[in-house]
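Visitor: Attaching a predicted model along with its sequence, questions to come.
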Amino acid sequence: MTVIETRSRRSIRLRSPNLEDGIAIHQLIASCPPLDLNSVYAYLIQAMHHAPTCVVAEGENGLAGYLSAYLHPRQPRTLFIWQLAVSSAWRGDGLALAMLRHLVGRGQNLRWLETTITPSNTASLAVFRALARQLEIGIEPVSELSGSLFPESGHPPETLYRLGPLTPAA
Ligand SMILES: CC(C)(COP(=O)(O)OP(=O)(O)OC[C@H]1O[C@@H](n2cnc3c(N)ncnc32)[C@H](O)[C@@H]1OP(=O)(O)O)[C@@H](O)C(=O)NCCC(=O)NCCS
């Protein structure tokens, strides 16, 4: 567990999730559109199998943020970032960036970060651009999950971004 201070000097704990966090993570994601809400079961699996690559941010009044990610099965030095959420009470205080930097700093010998971003999610793109700036690495779109892959008509595409390369000191 790591205790950090946000930009406004609020103190918050960053740690890996455990099974007891599953319901609170589900509630947090439900309150963070446009994120897809996965089942509680899916968040339990993340806590059970992917805890080393996931982060919960805990404030005095409960869960303030959640970051899920996993190591690419065929590219073990690539971390795929799945969901990133900060509760409305904690937004604009550097918490998303702090969770990402905490995860990258866990010493997993990472070279690349990947994530998908819907073109309309300017907040998400701003966060990952800020991360690339802070780490002094590149960020570029590399491919796309077409909107036609999703069942809803008019579903926007998901652009796959790649950030890196990270150096061991990142
Ligand atoms: C996107 C989200 C995670 C940002 O969390 P946050 O803790 O407020 O972000 P931070 O304070 O760490 O901001 C990091 C950077 O992104 C920028 N940013 C954050 N939200 C922004 C917004 N709505 N519009 C423009 N820029 C934004 C900040 O200005 C900051 O840049 P800076 O370092 O140059 O000042 C949060 O708004 C959220 O949970 N949104 C709903 C879910 C979502 O869209 N998740 C992302 C997709 S995975």
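Guide: Sure thing, it's come through.
Visitor: CA only for contacts and neighbour counts going forward, please
Guide: OK.
Visitor: Now do the contacts for residue 159.
Guide: Residue 159 sits next to 116, 117, 118, 119, 141, 142, 143, 144, 145 when contact means CA atoms under 8 Å, 6 or more residues apart in numbering.
Visitor: among those residues, which are within reach of the ligand?
Guide: Counting by CA under 6 Å from any ligand atom, nothing from the contacts of residue 159 sits close to the ligand.
Visitor: can you redo those residues as CSV with pLDDT, secondary structure and neighbour count?
Guide: Shown next, in CSV, are the contacts of residue 159 (pLDDT from 0 to 100; DSSP: H, G, I helix; E, B strand; the rest coil; neighbours: other CA atoms under 10 Å):
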residue, pLDDT, secondary structure, neighbour count
116, 98, strand, 22
117, 97, strand, 22
118, 95, coil, 18
119, 94, coil, 12
141, 98, strand, 14
142, 97, strand, 12
143, 96, strand, 12
144, 96, strand, 14
145, 97, strand, 15
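Visitor: now, which of those residues sits nearest the ligand?
Guide: For the contacts of residue 159, the minimum distance to the ligand (CA to the nearest ligand atom) is 6.6 Å, reached by residue 117.
Visitor: wait, isn't that closest one in contact with residue 125?
Guide: Yes: contact status for residue 117 versus residue 125: in contact at 6.8 Å, counting by CA atoms under 8 Å.
Visitor: where are the low-confidence patches of this structure?
Guide: Flagging of the chain using pLDDT under 70 yields the residue ranges 169-170.
Visitor: change it to 80
Guide: The model of the chain has pLDDT under 80 over residues 168-170.
Visitor: From the centre of it, give me the residue that's furthest out.
Guide: Going by CA atoms, centre = their mean, the residue of the chain most distant from its centre is residue 153, 26.7 Å out.
Visitor: Does it lie in a helix or a strand, and which?
Guide: Remark: residue 153 resides in no helix or strand, with elements defined by DSSP states H and E.
Visitor: With the one 10 residues further on instead?
Guide: Following DSSP H and E, one finds residue 163 within strand 158-164.
Visitor: Send me that strand as PDB with only the CA atoms.
Guide: C-alpha atoms of strand 158-164 as PDB (Å, rounded to 0.1, in the frame of the first residue of the first chain):
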ATOM      1  CA  GLU A 158     -12.500   2.300 -30.000                       C
ATOM      2  CA  THR A 159      -9.100   3.600 -31.100                       C
ATOM      3  CA  LEU A 160      -6.100   1.600 -29.800                       C
ATOM      4  CA  TYR A 161      -3.300   3.800 -28.500                       C
ATOM      5  CA  ARG A 162       0.200   2.700 -27.800                       C
ATOM      6  CA  LEU A 163       2.400   4.600 -25.300                       C
ATOM      7  CA  GLY A 164       6.100   4.100 -25.000                       C
END
